[in-house]
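**Q** All I have is the shape, not the residue letters:
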């Protein structure tokens, strides 16, 4: 077989001259259709790319427009627009909240910071290299976030707007001494907070601002009962060490410290009487807060041995400053002098009693007889009495000098006396006697409860 007899196996190698006119026509039509589809696809891809570019550009401009709208709403006090732009699931915002926010922003010390932060937001939107979700923040005096502007969605295809997310501040209120209840209205809704004594109580979360709330305060289980009308003041710049807003109160009420004067001679046991209600006195303690829409009376009582000594009585009015009043109460000097004079008589009689006892003791040693000493003891069968009886009956002829008194102290019906005496060998003996004191209608009576040489 020759090469000329071999037929081609690939139809593509067939010469156009070998195709029929109909086959050539069909082939040309197929090529035209392919070129059309290539052109169409190329145009579609081009349109998509241009559309994406336009979309990204338009959405960024839209975001900047939203920042402009936000700024304009603040400047024009458009509270409704601000509420729409700051919708949140955390807590409902009201026009009152927006008013407090705008008032806060328009303070001289805050406005320049706000303007700078708005400018920075716009710059962040225009910055094509910025892909952060956050576009910036509006902050307060303490650097805390009031509002954060964030992109809503992904960077390229679903980015359509910004979200202005508000931040709420935790707030607390503190009460001293009493449990109390606060009631106030906010946007037509009644609120109620019960404050525990001597600790901070959660007040809830508040939006930024510096404002007052009309309120009533009720004193539960207080030394002085009552309900007051006043205000609660919220300033979100006023925070404690835990970064909590401290709610201040403005009611006609009083709280104070008490300093007692002329009490050196009194026992360390004092009572305060607040409108005749007795409370224990503690030095440096803050008493209150108490309702003081009208004044109330304050005095103190103390003890001097078995006598009650009182101070002057003063009228306490509401505090004019946000700190405890410093009040002074002075014990009556004439009553103290009377008690000192009476006490001196008791002291002299107690000393006379021990002088008499010492004389009888000397006699008892001489005759070795205890019977004359029995009446001097509170219990003549006590250990101390039996010990003296043993000494007296020991045939010792011990004798003592007249005692010299070193100290005297009385607490109610018990007297402690320390004295010094010498025996017949001129030995110094210091002794401590504990006497029972019984105030009889006609006379003072003393008996020995305990005795020891020291």
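**A** The structure has been received and is ready for your questions. Not measured: the values here are computed from a predicted model.
**Q** Could you report the neighbour count for residue 389?
**A** 19 (other C-beta atoms under 10 Å). All C-beta spots, glycine's among them, are computed from the backbone N, C-alpha and C.
**Q** list the contacts for the closest residue to it other than its chain neighbours?
**A** In this structure, residue 389 finds its nearest non-sequential neighbour in residue 370, 4.1 Å apart by C-beta to C-beta, 6 or more residues apart in numbering. The contact partners of residue 370, taken as C-beta atoms under 8 Å, 6 or more residues apart in numbering, are 364, 388, 389, 392, 393.
**Q** Distance of residue 370 relative to residue 431?
**A** Distance from residue 370 to residue 431, counting by C-beta to C-beta, to the nearest Å: 18 Å.
**Q** Bridge partners for residue 411, pull those for me.
**A** residue 414 (DSSP bridges).
**Q** and it, how many neighbours does it have?
**A** So residue 411, with other C-beta under 10 Å, has 12 neighbours.
**Q** you'd agree it is up against residue 305?
**A** Yes: Residue 411 lies in contact with residue 305 (C-beta atoms under 8 Å); the separation is 7.3 Å.
**Q** Give me the common contacts of those two.
**A** Common neighbours of residue 411 and residue 305, using C-beta under 8 Å, 6+ apart, are residue 267.
**Q** which outside residues touch stretch 240-252?
**A** Stretch 240-252 has contacts (C-beta under 8 Å, 6+ apart) with 142, 144, 169-174, 182, 200, 203, 206, 212, 215, 217, 228-236, 238-239, 289, 291-293, 318, 322.
**Q** likewise stretch 408-421?
**A** Taking C-beta under 8 Å, 6+ apart as the rule, stretch 408-421 contacts 267, 305-306, 343, 346-347, 350-351, 354, 358, 400-407, 428-439, 446, 449, 454.
**Q** Residue 255 versus residue 396, what's the distance?
**A** 68 Å.
**Q** Between these two, which is the more surrounded one?
**A** Using other C-beta under 10 Å, the more surrounded residue of residue 396 and residue 255 is residue 255, with 20 against 12.
**Q** what helix or strand is that one on?
**A** Element membership of residue 255 [criterion: DSSP states H and E] is strand 253-261.
**Q** same for that strand, what does it pack against?
**A** Applying 3 or more C-beta pairs under 8 Å, 6 or more residues apart in numbering; DSSP states H and E, one finds that strand 253-261 contacts strand 287-291, strand 296-304, strand 325-330.
**Q** Give me the secondary structure label for residue 101.
**A** Under DSSP: H, G, I helix; E, B strand; the rest coil, residue 101 falls in the helix class.
**Q** Buried residues in stretch 357-376, which are they?
**A** Neighbour counts over stretch 357-376 (16 or more other C-beta atoms under 10 Å) mark 357, 358, 361, 362, 364, 365, 370, 373, 376 as buried.
**Q** Out of the residues you listed, the closest to residue 193 would be?
**A** Among these, residue 376 lies closest to residue 193 (C-beta to C-beta), at 67.7 Å.
**Q** Tell me, what's the model's pLDDT at the spatially closest residue to that closest one that is not a sequence neighbour?
**A** With C-beta to C-beta, 6+ apart as the criterion, residue 376 has its nearest non-adjacent residue at 4.9 Å, and that residue is residue 357. pLDDT for residue 357: 97.
**Q** Please identify which helix or strand holds residue 357.
**A** Element membership of residue 357, judged by DSSP H and E, is helix 333-367.
**Q** what does residue 119 give?
**A** Assigning secondary structure by DSSP H and E places residue 119 in helix 108-126.
**Q** coming back round to it: the strand holding residue 255 - what's its average pLDDT?
**A** 96.
**Q** can you pull the pLDDT of residue 179?
**A** 83.
**Q** With adjacent residues omitted, what lies nearest to it?
**A** residue 220 (4.8 Å).
**Q** Regarding residue 85, what are the backbone dihedral angles?
**A** Main-chain torsions, residue 85, degrees, to the nearest 10: phi -80, psi -20.
**Q** Could you tell me what pLDDT the model assigned to it?
**A** pLDDT, residue 85: 90.
**Q** try residue 71
**A** 95.
**Q** ok, and for the host helix or strand of residue 163, which residues are buried?
**A** Assessed by DSSP H and E, residue 163 sits inside strand 161-166. Judged by neighbour count (16+ other C-beta under 10 Å), strand 161-166 contains these buried residues: 162, 163, 164, 165, 166.
**Q** Stretch 240-258 too?
**A** In stretch 240-258, counting by 16+ other C-beta under 10 Å, buried: 244-247, 249, 251-258.
**Q** Check stretch 379-393 too.
**A** Across stretch 379-393, burial judged by 16+ other C-beta under 10 Å covers 380, 384, 385, 388, 389, 392.
**Q** Identify, from those residues, the entry nearest to residue 134.
**A** Among the buried residues of stretch 379-393, and counting by C-beta to C-beta, the member closest to residue 134 is residue 384, at 87.1 Å.
**Q** Tell me the spacing between that closest one and residue 433.
**A** 10 Å.
**Q** before we move on, the earlier item: which one of the buried residues of stretch 240-258 is nearest to residue 67?
**A** Scanning the buried residues of stretch 240-258 for proximity to residue 67, where the rule is C-beta to C-beta, the winner is residue 245, at 27.7 Å.
**Q** Find the residue closest to the closest one in space, skipping its chain neighbours.
**A** residue 171 (4.0 Å).
**Q** so how many other residues sit close to residue 42?
**A** Residue 42 - counted by other C-beta under 10 Å - has 10 other residues nearby.
**Q** which SSE is it in?
**A** Assigned by DSSP H and E, residue 42 belongs to helix 21-75.
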